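Asker: prediction below, plus the sequence it came from.
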Amino acid sequence: MKILVVDDSLVYRTAIVRLLKDNLPEADCFTAGDGIEGLATYLRERPNYTLLDLLMPGMTGQEVLKKIKETDPAAKVIILTADIQKFTEKEVRDLGAWFFVHKPITREKVIALAEIIKGAS
Amino acid sequence: MLTPLQQDALKEFMNVSIGQAGHVLSEMVNQKVHLEVPEVYLLQNQTEADQRYLKKIQFLTGHVVSSSLRFGVVCSGQARLLFPVTKGKQLVDLLLGDDLFLEVEKIDDGFSETDTDAMKEIGNVLLNVIIGCLGNLLETPIEYSLPEVEFLYLTENQHRSMFCGGYYTLVIHNTFLVGENRIEGAIFVMLCMDSAVQLLHKIDEMLVDLYG
């Protein structure tokens, strides 16, 4: 199983990958620090699951999500964002996001995501 | 500029928003966060700021760390979260002290690159809560710029530079108590004229709902 984590915060990106590996030891994790790198990594690796921040340099998470869904309508993309606006959640759900998780990212949230991924795999 | 009733309604709304900010901060540091009641002001110009508020932000004299982002579409302006550097560093240490960040290298003095990254994320999350609450109140979508962290040295005379001409400034003076740490900070939300007018209309609607 391949999981891509796209987040411009190195601190959180590193912590998310560590927790995912703790809970999904069979997963190969890939990371990207901005939207452009995130899309390029997605197209190269074709991950089974993508964890995607929204507010990032280069391309926003919404733009990356749109491109991913154009390429692969069945892609499972989990949005990670600090944005609490109901409009934003509706926007990314309309774009085809699989799950929506509010930041800050915590151990419990990553473990819950790992369980969701296990259940869907 | 605000009537006492409007001031009260605005304070109550920001109380709820700061409560949400306290909740997300608690998630970040993995500890209970106690909140003191925030002081809230909507200031129209620098003169008003001079008279009513500058004395209250003396705690921001000296080295401060600022996280800011711009926001726009229908409601536009700039939001800035400020802490004295020592308090900002305490907050970052509390965040990185969680075993979620075991592999992060910690330093005792000053801000490392990792500390700055963590401070940026703290500003991002807290300011998103405050501005997101405003967007939800005004029932309008808001877009954000990337957050920026700056280290500033403010003298007493430079506090008024926090108030931009032509903007209304929503000032929220808040204190978070995390364990033994008392972390005093301030949030400045510069709102363009149209956005401030919308906010006042919405506050009036809330008052009509409450009082008829």
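Answerer: The structure has been received and is ready for your questions.
Asker: what is A:Leu52 paired to in the beta sheet?
Answerer: Beta bridges link A:Leu52 to A:Val6, A:Ile79 when assigned by DSSP bridges.
Asker: quick one: it from A:Arg107, how far?
Answerer: From A:Leu52 over to A:Arg107 the distance is 20 Å, taken as C-beta to C-beta, to the nearest Å. From N, CA and C alone the C-beta is placed, and that goes for glycine too.
Asker: quick one: which of the two has more around it?
Answerer: Neighbour tally, A:Leu52 and A:Arg107, criterion other C-beta atoms under 10 Å in any protein chain shown: the higher count belongs to A:Leu52, 27 against 15.
Asker: the more buried one: what's it in contact with?
Answerer: Residues near A:Leu52 by C-beta atoms under 8 Å, 6 or more residues apart in numbering or on different chains: A:6, A:38, A:61, A:64-65, A:77-80.
Asker: before we move on, what about A:Val17?
Answerer: A:5, A:29, A:31.
Asker: just confirm A:Leu65 contacts A:Asp94, I think it does.
Answerer: No. Under the criterion of C-beta atoms under 8 Å, A:Leu65 makes no contact with A:Asp94, lying 10.2 Å away.
Asker: re the thing from before, okay, the contacts of A:Val17 in CSV with pLDDT and neighbour count next?
Answerer: Compiled in CSV, the contacts of A:Val17 are given as follows (pLDDT from 0 to 100; neighbours: other C-beta atoms under 10 Å in any protein chain shown):
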residue, pLDDT, neighbour count
A:Val5, 97, 25
A:Cys29, 97, 19
A:Thr31, 97, 18
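Asker: do you know how far B:Gly88 is from A:Val11?
Answerer: According to C-beta to C-beta, B:Gly88 stands 15 Å off from A:Val11.
Asker: looking at those two, which is more packed in?
Answerer: A direct count of neighbours by other C-beta under 10 Å for B:Gly88 and A:Val11 places B:Gly88 higher, at 28 against 23.
Asker: with just CA atoms, put the stretch of helix or strand the more buried one belongs to into PDB.
Answerer: Using DSSP states H and E, B:Gly88 sits within helix B:85-96. Output of helix B:85-96 as PDB, limited to C-alpha atoms (Å, rounded to 0.1, in the frame of the first residue of the first chain):
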ATOM      1  CA  VAL B  85       9.300  36.000  21.900                       C
ATOM      2  CA  THR B  86       9.700  34.300  25.300                       C
ATOM      3  CA  LYS B  87       6.000  33.400  25.400                       C
ATOM      4  CA  GLY B  88       6.100  32.300  21.800                       C
ATOM      5  CA  LYS B  89       9.000  30.000  22.500                       C
ATOM      6  CA  GLN B  90       7.200  28.600  25.600                       C
ATOM      7  CA  LEU B  91       4.300  27.700  23.300                       C
ATOM      8  CA  VAL B  92       6.500  26.100  20.700                       C
ATOM      9  CA  ASP B  93       8.300  24.100  23.400                       C
ATOM     10  CA  LEU B  94       4.900  22.900  24.700                       C
ATOM     11  CA  LEU B  95       3.900  21.800  21.200                       C
ATOM     12  CA  LEU B  96       7.200  20.100  20.400                       C
END
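Asker: so which residues on chain A come close to chain B?
Answerer: Residues of chain A found near chain B (C-beta under 8 Å from any C-beta of the partner chain) are A:8-12, A:14-15, A:18-19, A:55-57, A:81-88, A:91, A:102-104, A:106-107.
Asker: returning to what we had before: for the contacts of A:Val17, which one is nearest B:Ser195?
Answerer: Using C-beta to C-beta, the shortest approach to B:Ser195 within the contacts of A:Val17 belongs to A:Val5, at 34.9 Å.
Asker: you'd agree that closest one is up against A:Thr14?
Answerer: No. Between A:Val5 and A:Thr14 there is no contact under C-beta under 8 Å: 9.3 Å.
Asker: any weak-confidence spans in chain A?
Answerer: Regions of chain A meeting the criterion pLDDT under 70 are absent.
Asker: which parts of it are helices?
Answerer: Shown for chain A, the helices assigned by DSSP state H span residues A:10-23, A:35-45, A:61-71, A:86-94, A:107-120.
Asker: how about TSV for these, with distance to B:Leu127 added?
Answerer: Compiled in TSV, the helices of chain A are given as follows (distance: least, C-beta to C-beta, whole Å):
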stretch	distance to B:Leu127
helix A:10-23	16
helix A:35-45	20
helix A:61-71	17
helix A:86-94	14
helix A:107-120	20
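Asker: of all the ones you listed, which one comes closest to B:Leu138?
Answerer: With C-beta to C-beta, the closest approach to B:Leu138 among the helices of chain A belongs to helix A:86-94: 10.9 Å.
Asker: just the buried residues of the closest one, please?
Answerer: For helix A:86-94, a neighbour-count test (16 or more other C-beta atoms under 10 Å in any protein chain shown) marks A:87-89, A:91-92 as buried.
Asker: hmm, back to that, in PyMOL, how would I select just the buried ones from the residues of chain A next to chain B?
Answerer: Buried residues within the residues of chain A next to chain B, by 16+ other C-beta under 10 Å, are selected in PyMOL with:
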select buried, chain A and resi 8+9+10+11+12+14+15+18+19+55+56+81+82+83+84+85+87+88+91+102+103+104+106
